[in-house]
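>>> I need the structure of the sequence given here:
(2 chains)
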Protein chains: 2
Amino acid sequence: MLEQFKKHIQKFICVSDEEFVEIAGYFQVETFKKKENLLTEGQFCKASYFVLDGILRKFFINEKGVEQTTEFAVENWWMTETFSYINQIPTEFYIQAVLPAKVLVIRQKAYDELLEKHPVMEKYFRCIYQKAYAAAQMRVKLLYEHSREELYRQFLKNYPAFLQRVPQYLIASYLGFTPEYLSEIRKKNFS
Amino acid sequence: MLEQFKKHIQKFICVSDEEFVEIAGYFQVETFKKKENLLTEGQFCKASYFVLDGILRKFFINEKGVEQTTEFAVENWWMTETFSYINQIPTEFYIQAVLPAKVLVIRQKAYDELLEKHPVMEKYFRCIYQKAYAAAQMRVKLLYEHSREELYRQFLKNYPAFLQRVPQYLIASYLGFTPEYLSEIRKKNFS
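Numbering: from 1, shown residues only, chains lettered A, B, ... in the order given. Model (predicted):
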């Protein structure tokens, strides 16, 4: 389990085996059932999650009471609700396990201590946030550029394996249309 | 000029006057005319920009040949095209001065050297990217949650001073509607 995280870290920074053991001490492995919430609207987000196995999603409940998925995290991705986390305000989001998930958790206090004791991790998280920001920037571009149907086709082309793992209604929720509409598009695509 | 940047840095990290002088050596002050491009589609983005004075915007040209603004940066904000920057691929965006702009520029090589020589700056950029990611996450939420007209009303409420500084057609471009439609909404708001 921790070997997987070590490999991920070593893509960005050099840490010795001894230092990694110390770093790993700031994290806990936790498991979540399918549809279990890691974070609920109104809570203060005080942790970050690294997916070892499974899929997480972030969503909010819109004015019509419908769940709107804004983000997924698969293996080796981080997920947290950064806005609540850094501003210390209640979150407007949920984080939920899409599939049974095994997750490395680091709580805010441990995160601050980790960065103080092991400043090399500043570089690691700088790289992680830089990548996350780059992805979010492209996401905004896609949302402006394409119709919902085009987004689905792109998704289908770029992430076929992911689409196999995630229930259709969540893909619909991510792309911002109803499950019925997704079902129509799928019929068109496969006919 | 550099005093402004020093103050900004000191919101996130502690640096002595001596270290700041060394850090500042990695940056250049550059000025750009109104509508001058700092980055053009197809180029490799190899610099990051910190706005000392003026406003920058990021946009792409959509399939219809229309400029679609995705981001603004005012004083004390960073702007770069992170996707091109970290993946070393040609950018799909433009970065342009909305108003005459004075900008601190750090080129990729200098950035890498700065972080190597002054690892305290890893923390600074980790915080910057963390904030940028948090803002982008909320941006995606807003794009899903609100109609274009609601987005304009929110913008009007939250950033009245900004709206005074930026031409209306760019606000329209940011919110994803035509200048004519914006003009209609404005009439409704002020009538």
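>>> contacts, neighbours, all on C-alpha from now
Fine.
>>> Relative to A:Lys34, how far out is A:Ile128?
26 Å (CA to CA, to the nearest Å).
>>> who has more neighbours, the two?
Higher neighbour count among A:Ile128 and A:Lys34: A:Ile128, with 19 against 15, using other CA atoms under 10 Å in any protein chain shown.
>>> what pLDDT, on average, does stretch A:61-71 get?
What stretch A:61-71 shows for mean pLDDT is 90.
>>> What of stretch A:121-134?
Averaged across stretch A:121-134, pLDDT comes to 96.
>>> Kindly report the domain assignment for chain A.
A:2-145, A:148-191 (automatic domain parsing).
>>> Quick one: those as CSV, columns for distance to B:Met138 too.
Below are the domains of chain A laid out as CSV (distance: least, CA to CA, whole Å):
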stretch, distance to B:Met138
domain A:2-145, 8
domain A:148-191, 15
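>>> Point out the most buried one among the ones you listed.
domain A:2-145 (a mean of 18; mean count of other CA atoms under 10 Å in any protein chain shown).
>>> do it and chain B meet at all?
Yes - counting by CA under 8 Å from any CA of the partner chain, chain B is contacted by domain A:2-145 at A:62-63, A:68, A:70, A:81-83, A:86, A:122-123, A:125-127, A:129-141, A:144-145.
>>> Quick check: bridge partners of the residue lying closest to A:Glu75 once chain neighbours are set aside?
Leaving aside its chain neighbours, A:Glu75 sits nearest to A:Val51 (4.9 Å; criterion: CA to CA, 6 or more residues apart in numbering or on different chains). On the basis of DSSP bridges, A:Val51 is bridged to A:Val103.
>>> Wait, A:Val51 touches A:Trp78, no?
Yes - applying CA atoms under 8 Å, one finds A:Val51 in contact with A:Trp78, separated by 6.4 Å.
>>> Return the helix or strand in chain A with minimum mean pLDDT.
Here the helix or strand of chain A ranked lowest by mean pLDDT, DSSP states H and E is helix A:179-190, holding a mean of 76.
>>> For that one, name the packing helices and strands.
helix A:168-175 (3 or more CA pairs under 8 Å, 6 or more residues apart in numbering or on different chains; DSSP states H and E).
>>> So which elements touch the helix it packs on?
strand A:67-73, helix A:148-158, helix A:179-190.
>>> ok and that helix relative to helix A:148-158, angle-wise?
120 degrees (axes from the mean of the first three to the mean of the last three CA atoms, to 10 degrees).
>>> Now do the SS call for A:Ile106.
Here A:Ile106 is recorded as strand under DSSP: H, G, I helix; E, B strand; the rest coil.
>>> Now it. Nearest residue, chain neighbours left out?
A:Phe27 (4.9 Å).
>>> Look up phi and psi at that neighbour.
Per-residue torsions, A:Phe27: phi -110, psi 150 (degrees, to the nearest 10).
>>> A:Leu104 is in contact with that one, correct?
Yes - A:Phe27 lies in contact with A:Leu104 (CA under 8 Å); the separation is 6.1 Å.
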